[in-house]
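# Quick one: sequence and predicted model below, then my questions.
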Amino acid sequence: MRQHSAHDATEAERSVYAGTLERLAIGAVILDKKGRVLKTNRAADEILAERNRINLAQGGLQASYGSENRDLHRLIEQAVGGHADRGPGVVGAMSMTRTAGHGNLGILVRTAPVTEWSDTANRPAAAVVIRDSESRVQASQALMKRLYGLTPAESTLTLKLLDGLTVDEAAEELSISRNTARCQLRAIFAKTGVTRQTELLRLLLGGAIPLA
């Protein structure tokens, strides 16, 4: 029973971690000891599908620039070697440039934790975490209402601001007048206890919204 309980706790922990990565739009790629991709999450699939400086090639990860590709594979090789040596979990990190108009990708490579299946040929040996600096925070109207009492219209405007739009840009995208958007913003300020848009974004990004 203790083994089953420990297994259930581990699975619950993995589920929480995986869900949090998805909500934060952080890509996760699991590699075997030969650097081949075993599993990816949805965020990683979206980043890799863009083929903007990093993509899948011959079953593994490949960066478009030669120097960045060498750095990436050096980190992966170190991570795989750390697994065999029971070395430190985090091996290293790098920043990967993208085409003009797109933010860089943050890459973190770490050794996969040792498990009872670590001796199998296709065992997980390394994990690559990919963070898009332009990724958007996901949130729901229901969560906005529960946390701050926002109406659906106020929640929708708030999400546009979280995406980086100005009030005027959000109004245009939502097909509402600027005056309506500004009235909604004043109501949002009153409900969240802030007085400026920068304070609103700091409150939201520093709270539970990105993690829910």
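Structure received. Keep in mind it's a predicted model, so treat the numbers as computed, not measured.
# alpha carbons only for contacts and neighbour counts from here, please
Will do.
# Please determine how far I47 is located from N55.
Per CA to CA, to the nearest Å, I47 is found 8 Å from N55.
# So for these two, which sits in the more crowded spot?
The residue with more neighbours, out of I47 and N55, is I47; 21 against 18, by other CA atoms under 10 Å.
# helices or strands next to whichever strand or helix holds the more buried one in the packing?
Taking DSSP states H and E as the criterion, I47 maps to helix 42-50. Judged by 3 or more CA pairs under 8 Å, 6 or more residues apart in numbering; DSSP states H and E, helix 42-50 is in contact with strand 26-31, strand 54-57.
# could I get the ones you listed as JSON lines with distance to V109 and mean pLDDT?
JSON lines is the format used below for the helices and strands packed on helix 42-50 (distance: least, CA to CA, whole Å; pLDDT from 0 to 100):
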{"stretch": "strand 26-31", "distance to V109": "9", "mean pLDDT": "88"}
{"stretch": "strand 54-57", "distance to V109": "14", "mean pLDDT": "92"}
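# what about the ones you listed, which gets the closest to L200?
Closest to L200 of the helices and strands packed on helix 42-50 is strand 26-31 (CA to CA; 23.2 Å).
# Only C-alpha atoms, please: export the helix or strand following the closest one in CSV.
Counting by DSSP H and E, the element after strand 26-31 in chain order, helix or strand, is strand 37-40. Taking Å, rounded to 0.1, in the frame of the first residue of the first chain, the C-alpha atoms of strand 37-40 are listed here in CSV:
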residue,chain,number,x,y,z
VAL,A,37,13.0,12.9,-28.6
LEU,A,38,10.8,10.7,-26.4
LYS,A,39,8.1,13.1,-25.5
THR,A,40,7.1,16.7,-25.9
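# For N52, grab phi and psi.
For N52, the backbone dihedrals are phi -100, psi 80 (criterion: degrees, to the nearest 10).
# those helices in the chain, which residues are they?
In the chain, the helices defined using DSSP state H lie at 2-23, 42-50, 66-85, 141-148, 152-162, 167-174, 178-192, 197-205.
# From the opening residue of stretch 171-185 to its closing one, how far?
11 Å.
# ok, now stretch 156-171?
10 Å.
# same check, this time on stretch 165-182
Stretch 165-182 stretches 13 Å from its first residue to its last (CA to CA).
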